[in-house]
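Trainee: Here is the input, now give the coordinates:
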Amino acid sequence: MKNLKHMLVLILLLHAVIGYSQNQAPVISGLYAWADVSNNVLHVYYHVSDNEGEDVEIFLGVSLNDTVFSVNTSGANGDIGYPVAAGTDKEIIWNYGIAHPDILNYRIRVTADDQYQIDIQSIVDQVDTMNLYQDLQWMSAGVRDHGTGLPLLNATKDTITARFNAYGFDVATQAFVFMGDSGCNVIGRKPGVVEDDITFINDAHYDGVSAGPGADDNGSGVVGFLEVARILAPYNFRKSIRFIGFDMEEDGLIGSENYVYNGGIKPWEEIAGVFNYEMIGYYTERPNSQQLPTGFNLIFPDAADSLAAHNNAGDFITNVGSDSAIWLTGQYDSISRIFVPGLRIISLITPGNGAATADLRRSDHAHFWDVGIEALLLTDGANFRNQNYHTANDVADSLNFSFMGNNVKAVI
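Mentor: Presented below is the predicted three-dimensional model:
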C-alpha cells in the first residue's frame with residue numbers, strides 16, 4: 001500500500017483551458033491511495049475545495065508508464081464525475097480486476113473541473129503582431145537551409161527548443177538522416193490533464209531554401225506557432241497539445257515523414273487533429289493576384305466562384321482538409337468566423353488523400369492525410385499568390401502582419 005505511487009493535479013476547465021480570469025480553480029489536497037490487492041480494489045481519498053463553492057467534476061487518472069494517464073477507469077464509483085460537492089474525505093473506489101497485477105507501481109492523478117465558462121475571445125486577442133514581426137526579423141536575416149544557411153537554421157532550431165523549455169513543455173527531438181544530411185524535428189508537448197493520450201498538433205517547418213530568406217516560407221509559420229505556444233502555455237487543457245518544428249520539408253517533407261512513420265506518434269497516442277502552418281503572411285487585395293492550379297474550378301467550383309466574386313484577390317487564408325478531415329475543416333472554419341471575423345477563409349475538402357490535387361499536398365500535413373489522420377493545410381497559397389516564393393525577395397517587409405496575426409488567432 002505505501003509503495004503505491006501517487007500524483008496530484010490541481011486544476012482544470014471547460015473544454016480546453018482552466019483557471020482563468022477572476023475565477024479561482026478548485027484545489028485537490030490530501031491525495032492518498034491504497035490498493036486492496038487481495039480483492040483487486042483501489043481506494044483513492046482526497047479533499048477538494050472551491051473558492052466559489054461550486055460543485056465540481058472529478059476525474060481519476062491512472063498511469064502504468066509514467067507518461068500518460070490512459071488506463072480505463074470507467075468502472076470507478078464514489079466521489080467521481082459530476083456533480084461532486086466541495087469538501088473533505090472524498091473517496092473513489094475502482095475495482096481494477098485481474099488486468100493490473102502491477103497496480104502498486106502505477107501513478108494516480110485526481111483532477112477537478114469547476115466547469116467555469118472562460119472568455120475565449122480574451123485569449124484569442126492576446127496575439128501580439130509585434131512578437132511575430134520581431135521574431136521574423138532575425139529569422140529571415142539570412143537563409144535557413146542545410147547548406148550555406150546551416151548557422152541560421154540551427155539558431156532557429158535552438159530558439160524553438162528554448163521557447164518550448166521556457167513554456168514548461170515536455171521537450172524532445174527526433175533526429176534523422178537524409179541524403180547524408182542530419183535533420184532534427186523539435187517537439188514540445190503540453191500534456192492534457194484529463195485525456196492526455198489524445199493529442200492535437202500545431203506544426204510548421206522551420207527550414208528554408210538557399211534562394212532566399214524565407215520570411216513567408218516558412219518563417220511566418222514558425223513565428224505563428226511560437227506565438228500560439230506562448231499564449232496557450234499558461235493554461236491547462238483536457239487533451240494534450242504537441243507543437244512541432246519540422247525539418248527538411250523543403251527536401252520532400254522528410255521531417256514529417258519520419259515523424260509519422262518512425263516513432264513520432266506514440267503507440268498510446270490518438271492524434272485528434274493537425275494544424276499545419278505553411279506560409280500564412282502574404283496578403284493582397286490587388287485584382288487577379290490569386291492564381292489557381294489547373295483544374296481547380298472543376299474540383300472546387302464554389303471556391304472558384306467565391307474568389308471570382310472578390311476579383312481573384314489574394315485576401316484570404318486557405319483551409320484545406322482531406323476526406324479524413326471533414327470534421328476538423330468545418331470546426332476551424334465555423335469557430336474562426338466567430339472569434340476572428342476579420343479573417344476571410346476559403347475552405348476546401350480535397351478527395352481522398354489529395355492525390356488528385358498534388359499542389360495541395362506540398363507540405364507536412366500530407367503524411368498525416370496518408371494515414372487517415374485529420375490534418376489541415378493552412379496557407380496563403382504559396383507561389384499561386386506570393387511571387388516572392390523561393391526568391392531573395394521573400395522578406396519580412398513584404399508580408400502583412402495583421403493578416404498573419406489573424407491566422408494565428410484562428411488556430412488558438
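
Trainee: What values do phi and psi take at residue 158?
Mentor: As for residue 158, its main-chain torsions (degrees, to the nearest 10) stand at phi -70, psi -40.

Trainee: got it, and residue 390?
Mentor: For residue 390, the backbone dihedrals (degrees, to the nearest 10) come out as phi 60, psi 40.

Trainee: How many neighbouring residues does it have?
Mentor: Counted by other C-beta atoms under 10 Å, the residues lying close to residue 390 total 18. Where you see a C-beta, it was placed from the backbone N, CA and C, and this is true even at glycine.

Trainee: Check residue 118 too.
Mentor: Around residue 118 there are 18 other residues, counting by other C-beta under 10 Å.

Trainee: again with residue 286
Mentor: Summarising burial for residue 286: neighbours were counted as other C-beta under 10 Å, giving 12.

Trainee: so who does it touch?
Mentor: Under the criterion of C-beta atoms under 8 Å, 6 or more residues apart in numbering, the neighbours of residue 286 are 313, 314.

Trainee: Using the three-state scheme, assign it.
Mentor: Under DSSP: H, G, I helix; E, B strand; the rest coil, residue 286 falls in the coil class.

Trainee: Now do residue 307 against residue 215, distance only.
Mentor: Residue 307 is 25 Å from residue 215, where distance means C-beta to C-beta, to the nearest Å.

Trainee: ugh, wrong one, I meant residue 332
Mentor: Where residue 215 is concerned, residue 332 sits at a distance of 24 Å (C-beta to C-beta).

Trainee: How about the secondary structure of residue 208?
Mentor: Using three-state DSSP, the three-state assignment for residue 208 comes out as coil.

Trainee: if I read this right, residue 178 contacts residue 250, doesn't it?
Mentor: No - distance between residue 178 and residue 250: 11.2 Å, which falls outside the contact criterion (C-beta atoms under 8 Å).

Trainee: Which one's more surrounded, the two?
Mentor: Each of residue 178 and residue 250 had its neighbours counted (other C-beta under 10 Å), and the higher figure belongs to residue 250 (20 against 16).

Trainee: coming back round to it: residue 307 and residue 215: which is more packed in?
Mentor: When neighbours are counted by other C-beta under 10 Å, residue 215 comes out ahead of the other of residue 307 and residue 215, with 27 against 20.

Trainee: any idea how far the nearest residue to that one once chain neighbours are set aside lies from residue 50?
Mentor: Once its chain neighbours are removed from consideration, residue 215 has its nearest residue in residue 140; the separation is 4.0 Å (C-beta to C-beta, 6 or more residues apart in numbering). As for residue 140, its distance to residue 50 is 48 Å (criterion: C-beta to C-beta).

Trainee: Please identify which of those two sits among more neighbours.
Mentor: When neighbours are counted by other C-beta under 10 Å, residue 140 and residue 50 differ, and residue 140 comes out ahead with 25 against 20.

Trainee: OK, contacts around the more buried one?
Mentor: With contact taken as C-beta under 8 Å, 6+ apart, residue 140 is in contact with 213, 214, 215, 219, 394, 395, 396.

Trainee: Confirm for me that residue 41 is in contact with residue 93.
Mentor: Yes - the pair residue 41 and residue 93 qualifies as a contact (C-beta under 8 Å) at a distance of 6.4 Å.

Trainee: May I see the buried residues of the helix or strand hosting residue 297?
Mentor: Secondary structure from DSSP states H and E places residue 297 in helix 296-299. Of the residues in helix 296-299, those scored as buried under the neighbour-count criterion (16 or more other C-beta atoms under 10 Å) are 296, 299.

Trainee: what packs against the helix or strand that that helix is followed by?
Mentor: In the C-terminal direction, the helix or strand that comes right after helix 296-299 (DSSP H and E) is helix 301-309. In terms of contact count using 3 or more C-beta pairs under 8 Å, 6 or more residues apart in numbering; DSSP states H and E, helix 301-309 is assigned the packing partners helix 296-299, strand 345-350.
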